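Trainee: model the following, please.
(2 chains)
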Amino acid sequence: MHSHQAAPLDWLPFLLVVLVTFEYLAAAWLQRATSAGWSLWRCGFFLLGSALLAIAFWPSLMHWAHGDLVGHMTLHLLIGMLAPLAWVLAAPVTLLLRTLPRMWAKAVVALLHRRFLRFVTHPITALLLNIGGMYVLYLTPLYALSLHNTVLHYAIHLHFLLAGYLFCWSILAAPDASMHRLSLRFRLGVLFASIATHSLLGKLMYAEGFPRGTGHGLDEIQAAAQLMYYGGDLAEMLLAVVLLTLWLRRPVERRERLFFAVD
Amino acid sequence: MKNDAHTIQNTRRSLWAAVLVGIGVMAALDEIVFHQLLQWHHFFDFSTPAFGILSDGLLHAFELLAVVVGVFLLLDLSQRGWLRVAWAKAGFFLGMGGFQLFDGVINHKILRLHQIRYGVDPLMYDLTWNAFAIGFLLIGFWLLRRARNGAKR
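Mentor: Presented below is the predicted three-dimensional model:
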């Protein structure tokens, strides 16, 4: 186990979140001065996401979660599901493109259309990165390894954040425009697959005592698995509610039909 | 009302959207009352066969999305002025009863995900459970008939 004194490097994720938030707010401030403006709601969503991440990345909390599986799961929920949803709603890509000088913005758009980024922003890829990553982490010795390897530990948390962001963005395909034109029905289907595989993993972990080789007792593993199951439900239902709220906000005549054919 | 075909579509839409809500509400009641409050149902029953565990994930995902999608479909219908409340009421009870019966027969008995209560003979519990399900279904069918008659008048 590491010492409980936070090393300077332990502050890095927290400080990065503060820095990114400052950048977002500075850019939003610039945009508010223009005629197009920038919504305060979006600023609020970004701040909410940042606050959740700042809590999760607070060094002493991370230390506690490092040794406690229920704590780890709580942080996972914050970093991988709730905070990314709030950040996606803040439309950071749109803000970036509007704020950057035209040359740079064009370069970013070109980058976004590279085959690799098109690939990872597809909902099915994002689903595999997100839930597939969790299957790999908890059902293999990877989790046990991450307890003793600091680099791996941080890499895993960064993966939670990135994969969670990609997943939320690919499902909502808004407010930042998506590169894929996928129907609402298709995206709901991917969300369905996500809930099913996520709850299945929770039950598997509960029943079989995964992650193994960590020294955690079965009680702790089962409590963590249940938190994963119900916490995941909550986060994914929230995502579904947001997705359908965005749908319902469109005017009736431009609203995609969900299940019943148009007359 | 534009024409008859349109009316029939709207009644069907209202009915099915409400069926989804009924399924979701019953599943939520099951989770809240029997899993959490009474703690009769168990999160995991170690005698569940493997295919039961697999299908449980799919069912669970369906239940969660059913309530959310159902509510939004009703809101959509209502905004378009297409919602037929009498049919939606019937759909809601049919959804609740249908799910309860499905839960009582398929989930508890065939997939054996968990029993209603442990440490007792489940027979009376199963009978009561499914009697309630049939009760909800009967209310649903009665409302459906009323909606049909109302449409004729």
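Trainee: burial measure for the closest residue to B:Gly150 other than its chain neighbours, as a count.
Mentor: Spatial nearest neighbour of B:Gly150, chain neighbours left out: B:Ala86 (5.5 Å); criterion: CB to CB, 6 or more residues apart in numbering or on different chains. Quick note: C-beta positions are derived from backbone N, CA and C, even for glycine. Neighbourhood size, B:Ala86 [other CB atoms under 10 Å in any protein chain shown]: 18.
Trainee: isn't B:Leu144 right up against B:Leu94?
Mentor: Yes - if you go by CB atoms under 8 Å, B:Leu144 and B:Leu94 touch, sitting 7.1 Å apart.
Trainee: what sits in contact with each of those two?
Mentor: Common neighbours of B:Leu144 and B:Leu94 (criterion: CB atoms under 8 Å, 6 or more residues apart in numbering or on different chains): B:Leu15.
Trainee: how close does B:Leu143 get to chain A?
Mentor: 21 Å (CB to the nearest CB, to the nearest Å).
Trainee: between B:Leu144 and B:Leu94, who's got more neighbours?
Mentor: For B:Leu144 versus B:Leu94, the count of surrounding residues by other CB under 10 Å is larger for B:Leu94: 24 against 18.
Trainee: correct me, but the more buried one touches B:Trp142?
Mentor: No - B:Leu94 lies out of contact with B:Trp142 (CB under 8 Å); the separation is 10.5 Å.
Trainee: on the three-state scheme, the residue most central in space within chain A is what?
Mentor: In chain A, the centroid-proximal residue (CA atoms, centre = their mean) is A:Gly164; its distance is 2.5 Å. Secondary structure for A:Gly164, judged by DSSP: H, G, I helix; E, B strand; the rest coil, is helix.
Trainee: mind listing the helices in the chain by residue range?
Mentor: If you meant another chain, say so; for now it's chain A. Counting by DSSP state H, chain A has helices at residues A:12-33, A:40-56, A:59-67, A:69-77, A:83-89, A:92-99, A:102-112, A:115-120, A:123-127, A:133-139, A:142-146, A:150-172, A:184-208, A:218-248.
Trainee: switch to chain B, that's the one I care about
Mentor: B:4-29, B:50-80, B:85-102, B:123-152.
Trainee: centre of the chain to the second one, how far?
Mentor: In other words, helix B:50-80. How far helix B:50-80 lies from its chain's middle: 10 Å, per CA atoms, centre = their mean, to the nearest Å.
Trainee: between helix A:218-248 and that helix, find me the angle.
Mentor: 30 degrees (axes from the mean of the first three to the mean of the last three CA atoms, to 10 degrees).
Trainee: helix B:50-80 close to chain A?
Mentor: Yes - using CB under 8 Å from any CB of the partner chain, helix B:50-80 reaches chain A at B:53-54, B:56-58, B:60-62, B:64-65, B:68-69, B:72-73, B:75-76, B:79-80.
Trainee: could you flag which of those residues are buried?
Mentor: B:53, B:56-58, B:60-62, B:64-65, B:68-69, B:72-73, B:75-76 (16 or more other CB atoms under 10 Å in any protein chain shown).
Trainee: shaky segments in the chain?
Mentor: Assuming you mean chain A. A:1-6, A:260-263 (pLDDT under 70).
Trainee: wrong chain, I was asking about chain B
Mentor: Looking at chain B by pLDDT under 70, you get B:1-3, B:151-153.
Trainee: quick one: name the residues of it near chain A.
Mentor: Counting by CB under 8 Å from any CB, chain B sits next to chain A at B:5-6, B:9, B:12-13, B:16, B:43-44, B:46, B:53-54, B:56-58, B:60-62, B:64-65, B:68-69, B:72-73, B:75-76, B:79-80.
Trainee: give me that answer again for 7 Å
Mentor: Residues of chain B lying near chain A by CB under 7 Å from any CB of the partner chain: B:6, B:9, B:13, B:43-44, B:46, B:53-54, B:56-58, B:60-61, B:64-65, B:68-69, B:72-73, B:75-76, B:79-80.
Trainee: ok, residues contacting stretch A:59-71?
Mentor: A:1, A:4, A:6, A:10-11, A:14, A:55, A:72, A:74-75, A:147, A:216, A:220-221, A:223-224, A:227 (CB atoms under 7 Å, 6 or more residues apart in numbering or on different chains).
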